[in-house]
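[1] Show me how the following folds:
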Amino acid sequence: PCFQNCHHYDRMVGYFDSTIFKQLLTILPEIQDKIFTDDTENALKIRMITCPQLSKADKETLNNLVDPEQREQWFSENASELIENVLDGQTVSLEQGSELFSYLIAKGIIEMRFNFPKKGNEHALHHLKTGIFYFDGDNKLAFTGSANESAGGYQRNLEEIDVFCSWKVNCEADIERIER
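    Numbers count the residues shown, from 1 in each chain. Down below sits the predicted model:
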């Protein structure tokens, strides 16, 4: 429900893996108007900060889509087929999740940043796990907890999160702390 109703999602995680987008494919029919749109003002925006430890496939995807011309080329060659396959309800696969990740990067829906450890502390990880969904009317739903943005964090692992809603009493301080 959050993705269906939000216009913006900020996420900080220790680990990211595009396999998470296989999960997003299952709700795609409900959020397609926020993703498969030419109206950039009303498109979903996702900003993510994570550690730079990525899978080989995710590194390759990001490297292939760094240049705006490369993003445009990927988009013109792949977007129509991806949209058609996903919306036709074909079987959801990890490959489609990876393709959706490419689409979201190429379309500019996802902005990824990486938190590198300070020199001399190379073994430290950016390991915070927080997120905020932004809705109309200045409403926010923030959370903090143990889940990474990965299939393991969403499906396999036992995780715990605390949720704070701006429309509930006494949650403003927690939301502000997470926004920082």
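
[2] Tell me the spacing between the nearest residue to residue 50 once chain neighbours are set aside and residue 46.
    Taking Cβ to Cβ, 6 or more residues apart in numbering as the measure, residue 50 lies nearest to residue 16, with 4.2 Å between them; neighbours along the chain are not counted. Using the backbone N, CA and C atoms, a C-beta is placed for each residue, glycine as well. In this structure, residue 16 lies at 11 Å from residue 46, with Cβ to Cβ, to the nearest Å as the measure.

[3] what do you get for residue 169?
    With Cβ to Cβ as the criterion, residue 169 and residue 46 are 29 Å apart.

[4] Neighbour count for these two, which is higher?
    The residue with more neighbours, out of residue 169 and residue 46 and counting by other Cβ atoms under 10 Å, is residue 46; that gives 18 against 6.

[5] circling back: so the residue nearest to residue 50 makes contact with residue 147?
    No: contact between residue 16 and residue 147 fails when scored by Cβ atoms under 8 Å: they sit 11.7 Å apart.

[6] Mind checking which of the two has more residues around it?
    Set side by side, residue 16 and residue 147 give different neighbour counts by other Cβ under 10 Å, the larger being at residue 16 (24 against 19).

[7] For that one, give me the pLDDT.
    At residue 16, the model reports a pLDDT of 87.

[8] so what's the backbone phi/psi at it?
    In this entry, residue 16 is assigned phi and psi values of phi -130, psi 140 (degrees, to the nearest 10).

[9] Would you tell me what the next helix or strand after the lowest-mean-pLDDT helix or strand in the chain is?
    Of all the helices and strands that make up the chain, the one with the lowest confidence by mean pLDDT, DSSP states H and E is helix 151; it has a mean of 66. Past helix 151, heading to the C-terminal end, the next element that is a helix or strand (DSSP states H and E) is strand 161-165.
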